[in-house]
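take this sequence and fold it.
(one chain, ligands or ions: 1)
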Amino acid sequence: MSTAYGFREYGGPETQQFFDVAVPFPGPGQLQVAVHAAGVNPADWKVRAGTRKDTVPVTLPAVLGREVAGVVTAVGPRVADFAVGDAVFGATATGYGGYTDHTMLNASSTAHKPGSVSFADAATLPVAAGTAYDAMSTLNLPAGSRLLVIGAGGGVGVAALQLAAARGVSVLAVASRSKRDVVESLGAEWVESGAGLATRISEPVDAVFDLVGGDALAEAARLVLDPAAIVSVGDPLAARDLGGSSVERRRTTAVFAELAALVASGVLDPRVTHRFQLEQAGEALALVESGHAAGKVVIEVG
Ligand SMILES: NC(=O)c1ccc[n+]([C@@H]2O[C@H](COP(=O)([O-])OP(=O)(O)OC[C@H]3O[C@@H](n4cnc5c(N)ncnc54)[C@H](OP(=O)(O)O)[C@@H]3O)[C@@H](O)[C@H]2O)c1
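Numbers count the residues shown, from 1 in each chain. Model prediction:
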């Protein structure tokens, strides 16, 4: 049996607890993995709260977390590219979670972890960096463009700033004052978040990547030259109403391998700022649920 942290019913943090789970031998296309690190994301508490029932089916009790890095302990039928003992990272298979010592991955959403990339960094790539990568692909901005990122100091934001800079895109990073140093260290121009955002930006922008929604997105929409160049995972419905779109996610081996290569070559640093042990999983998720995390939060196992 594995020790896991999750929730027995939909609701608030009071529904969270430790329990034991069985991780069976992997089915076709699956990998059983001993978890070394798990990424912590806003999606985790949103799944627990029941707001993702339509897109993330769970069987209760459910293990929290959607991404891990670890070592393969068993390989299911029809898996060609992975073997027991491989260091890997990926998105957890439907019905499995990340806050545990063993979990299941689909081989199609798993990549090998380069030796120079830590388990903690690799564990953060499928969700936050993957979303930033897919957003940059959706926008496909040429070098010299101006991109406004709202919520720039969080997990997705810090990755977006670096991936945009690698394309030669100049970034205006909307973040609170506490995250000014972080976004400036990533080469972006800091713009203080809060009411009146549009009045603090003098020139139009070519695109907006929104991680917050609400008034900030509405204000940013007034600055963009073409509303079709608004993409949002903070409030995709509002973005669509403004003429923009959501981000089409590609949780594939190819995308994850590319992200790992970018970390290995020094282009991308996921900026892991807080590390917790599995026994502290509740504290880790509470930090992310506060809505004010900087960079990435990781749970290390073992
Ligand atoms: N659909 C998908 O596939 C997908 C994937 C990843 C993330 N998401 C969503 O994207 C959002 C961001 O994710 P994340 O992992 O980056 O979250 P995060 O690490 O918690 O960061 C959120 C950031 O937003 C900032 N923020 C909060 N209110 C703000 C405001 N009014 N103006 C500007 N910044 C504000 C916070 O910084 P301050 O405290 O400094 O304000 C924080 O740094 C979440 O809603 C998440 O669910 C969706």
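
residues in contact with the residue of the chain found nearest the ligand?
Closest residue of the chain to the ligand, Cβ to the nearest ligand atom: residue 154 (1.9 Å). The way it works is simple: take the backbone N, C-alpha and C, and place the C-beta from them, glycine included. By Cβ atoms under 8 Å, 6 or more residues apart in numbering, the contact set of residue 154 is 128, 211, 293, 294, 295.

near the ligand, from these?
128, 211, 293, 294 (Cβ under 6 Å from any ligand atom).

only the buried members of those residues: can you turn that into a PyMOL selection?
Remark: buried members of these, expressed as a PyMOL selection using 16 or more other Cβ atoms under 10 Å:
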select buried, resi 128+211+293+294
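
just the strands in this structure please.
Applying DSSP state E to the chain gives strands spanning 2-7, 16-21, 30-40, 62-63, 67-75, 87-92, 102-112, 146-150, 170-175, 189-192, 207-210, 230-232, 272-277, 296-300.

residue 55: how many residues sit nearby?
Using other Cβ atoms under 10 Å, residue 55 has 9 neighbouring residues.

go ahead and flag the most central residue of the protein.
By Cα atoms, centre = their mean, the mean C-alpha position of the chain lies nearest to residue 128, the distance being 1.9 Å.

distance of the residue nearest to that one when sequence neighbours are not counted from residue 72?
Leaving aside its sequence neighbours, residue 128 sits nearest to residue 155 (Cβ to Cβ, 6 or more residues apart in numbering; 3.6 Å). Going from residue 155 to residue 72 by Cβ to Cβ, to the nearest Å gives 26 Å.

could you check which of those two is surrounded by more residues?
Between residue 155 and residue 72, counted using other Cβ under 10 Å, the more crowded position is residue 155 (29 against 22).

just to check, that one is in contact with residue 292?
No. Counting by Cβ atoms under 8 Å, residue 155 does not reach residue 292; the two are 11.8 Å apart.

tell me the residue furthest from the middle of this structure?
Largest separation from the mean C-alpha position in the chain: residue 202, at 30.8 Å (Cα atoms, centre = their mean).

where's the nearest residue to residue 33 once chain neighbours are set aside relative to residue 145, distance?
Distance criterion Cβ to Cβ, 6+ apart; nearest residue to residue 33, sequence neighbours excluded, is residue 70 at 4.3 Å. As defined by Cβ to Cβ, residue 70 lies at a distance of 38 Å from residue 145.

cool, residue 63 as well?
With distances taken as Cβ to Cβ, residue 63 is found 41 Å from residue 145.

where does the prediction get shaky in the stretch 101-250 of the chain?
Along the stretch 101-250 of the chain, the model assigns pLDDT under 70 to no residue.

near the ligand, which residues of it show up?
By Cβ under 6 Å from any ligand atom, the residues of the stretch 101-250 of the chain that approach the ligand are 127-128, 131, 150-151, 153-157, 174-176, 178-179, 193, 211-212, 216, 233-234, 249.

make it 5 Å
Remark: the part of the stretch 101-250 of the chain in contact with the ligand comprises 128, 131, 151, 153-156, 176, 179, 193, 211-212, 216, 233, 249, using Cβ under 5 Å from any ligand atom.

list buried residues within the residues you listed.
Buried residues within those, counting neighbours by 16+ other Cβ under 10 Å: 128, 131, 151, 153-156, 179, 193, 211-212, 216, 233, 249.

from the residues you listed, which land in helices?
Counting by DSSP state H, these place 131, 155, 156, 216 in helices.

distance to residue 50 added to the residues you listed, as CSV?
Converted to CSV, those look like this (distance: Cβ to Cβ, whole Å):
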residue, distance to residue 50
131, 22
155, 22
156, 22
216, 26
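
ok, these vs residue 270, which is closest?
Ranked by distance to residue 270 (Cβ to Cβ), those are led by residue 155 at 7.7 Å.

tell me the contacts of that closest one?
Applying Cβ under 8 Å, 6+ apart, the residues contacting residue 155 are 39, 41, 124, 127, 128, 270, 293, 295, 296, 297.
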